[in-house]
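[1] make a model of this:
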Amino acid sequence: MHQKFEGLVEHLLSGNIFLEQAIEVLERSMIARALERAEGNQSEASRQLGIHRNTLQRKLVEYGLGNGRPRRKAPGRQARSRKSKLVVA
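    Model (predicted):
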């Protein structure tokens, strides 16, 4: 495994791939593969990757993977606006 990784590093460097680009390619591939293995279950994929589920959701949005945005709370659970009380003197 170490030799394969060293070969990949050499290939990236000789191809003028910058570190930031290499990290993006690796993260995107690992996230996509983990989601496949977890059959779309984000909690399971985040466990496989060793990252928090919120971090996974942020990266899904960043890389345009999955549904492109994290789930929202059910309408009944969202914060409701508070009406100001009228003070009568």
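
[2] quick one: residue 52 and residue 42 touch, right?
    No: in this structure, residue 52 is not within contact of residue 42 by C-beta atoms under 8 Å, at 10.7 Å. Where you see a C-beta, it was placed from the backbone N, CA and C, and this is true even at glycine.

[3] more neighbours, the two?
    residue 42 (20 against 11; other C-beta atoms under 10 Å).

[4] could you measure from that one over to residue 53?
    Noted for residue 42: a distance of 6 Å to residue 53, by C-beta to C-beta, to the nearest Å.

[5] likewise residue 34?
    12 Å.

[6] who's more crowded, these two?
    residue 34 (20 against 15).

[7] thought the more buried one was touching residue 49?
    Yes: counting by C-beta under 8 Å, residue 49 is a contact partner of residue 34 at 5.2 Å.

[8] tell me where this structure has helices.
    Using DSSP state H, the helices found in the chain span residues 2-14, 19-37, 42-49, 53-63.

[9] same question for the third one, mean pLDDT?
    For helix 42-49, mean pLDDT is 96.

[10] what about it, distance to the chain center?
    10 Å (C-alpha atoms, centre = their mean, to the nearest Å).

[11] hmm, who's touching it?
    Identification of contacts with helix 42-49 by C-beta atoms under 8 Å, 6 or more residues apart in numbering yields 30-31, 34-35, 37-38, 52-53, 55-57, 60, 66.

[12] quickly name whichever of the residues you listed is closest to residue 12.
    Using C-beta to C-beta, residue 30 comes nearest to residue 12 of those, at 15.7 Å.

[13] how much space separates the nearest residue to that closest one once chain neighbours are set aside from residue 56?
    Of all residues not flanking residue 30 in the chain, residue 49 sits nearest, at 6.4 Å (C-beta to C-beta, 6 or more residues apart in numbering). The spacing between residue 49 and residue 56, counted by C-beta to C-beta, is 7 Å.

[14] hey, what's in contact with both of the two?
    residue 31.
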